[in-house]
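J.: Predicted structure and sequence below. I'll ask about it afterward.
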Amino acid sequence: MARDEDKRLAALAAAAEVLPGMVVGLGTGSTAAWLIYHLAERVRDGLSITAVVTSHATERAARGAGIAILAFDDLAAIDLAIDGVDEIDDQLWAIKGAGGAMLREKIVATAARRMIAIADGSKRCAAIGRASVPVEILPFARTFALDRLKALGAIPTLRMANDRPFVTDQDNLVIDCSFSALPDPAAMATQLAAIPGVLGHGLFLSEIDTAYIAENGQVVRMLRP
């Protein structure tokens, strides 16, 4: 329960940065769900915003909460993106994708003039690499991509759900890559992106500008160095 309260507090701090008239990118996951909750409260109090979403699940939640939704495919840029992370360090390098939405999340984050990450204290680390790096692949490339990921030193595992391969909102597959060490995330990001059939990965190294990390009821605001 304490961890969930920290997620709520981090989301509350980020929600306070949303200004009238903004187009806001809404992330996916349990911490982003708290963001939707707090933004919906502000919308009911008169805040006028529109949102773009990073998953079908987020769209359902946002619409149900009364937040107006725009189709991102009609936009080239947005004002602000807010999303959770699976792991984040003091450089604001992060790993995302436990919810399987990292491809859309990265597109929205890159389109945003600013991105805010929100997390509880368990997600903060000295250097990213403990969490698996999710990689979204074209189903056609499944075996080929698994082989290439092994060659990069990964222990790749095809993500499953209900005894079937997990399928993203784009009808692609996800391979979760564990590494014994990740000494150069930037080089790994380049290598992952170079594999034909890889459509996206969960290394977020340049997208995050600000992070709100809450631990034991205290919220810390971090800025990119």
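T.: In hand now; what should we look at?
J.: who touches the helix or strand containing Thr143?
T.: If you go by DSSP states H and E, Thr143 is part of helix 142-151. Helix 142-151 is contacted by residues 135, 137, 156, 158, 173, 175, 177, 192, 195-198 when judged by CB atoms under 8 Å, 6 or more residues apart in numbering. Bear in mind the C-beta positions are built from the backbone N, C-alpha and C, glycine included.
J.: if we go to 10 Å?
T.: Residues outside helix 142-151 that contact it (CB atoms under 10 Å, 6 or more residues apart in numbering): 133, 135-139, 141, 154-158, 165, 172-173, 175-177, 191-192, 194-199.
J.: How far off centre is stretch 157-171?
T.: 18 Å (CA atoms, centre = their mean, to the nearest Å).
J.: if we can go back for a sec, and the buried ones among the contacts of helix 142-151, selectable in PyMOL?
T.: In PyMOL, a selection of the buried entries from the contacts of helix 142-151 looks like this (16 or more other CB atoms under 10 Å):
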select buried, resi 133+135+136+137+138+141+154+156+172+173+175+176+177+191+192+195+197+198+199
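J.: List the buried residues in stretch 78-91.
T.: Quick answer for stretch 78-91 (16+ other CB under 10 Å): 78-89.
J.: If you could redo that for stretch 17-30, that was the one I meant.
T.: Neighbour-count burial for stretch 17-30 flags 18, 22-29 (criterion: 16+ other CB under 10 Å).
J.: Now do it: distance from first to last residue.
T.: Taking CA to CA, to the nearest Å, stretch 17-30 runs 19 Å from one end to the other.
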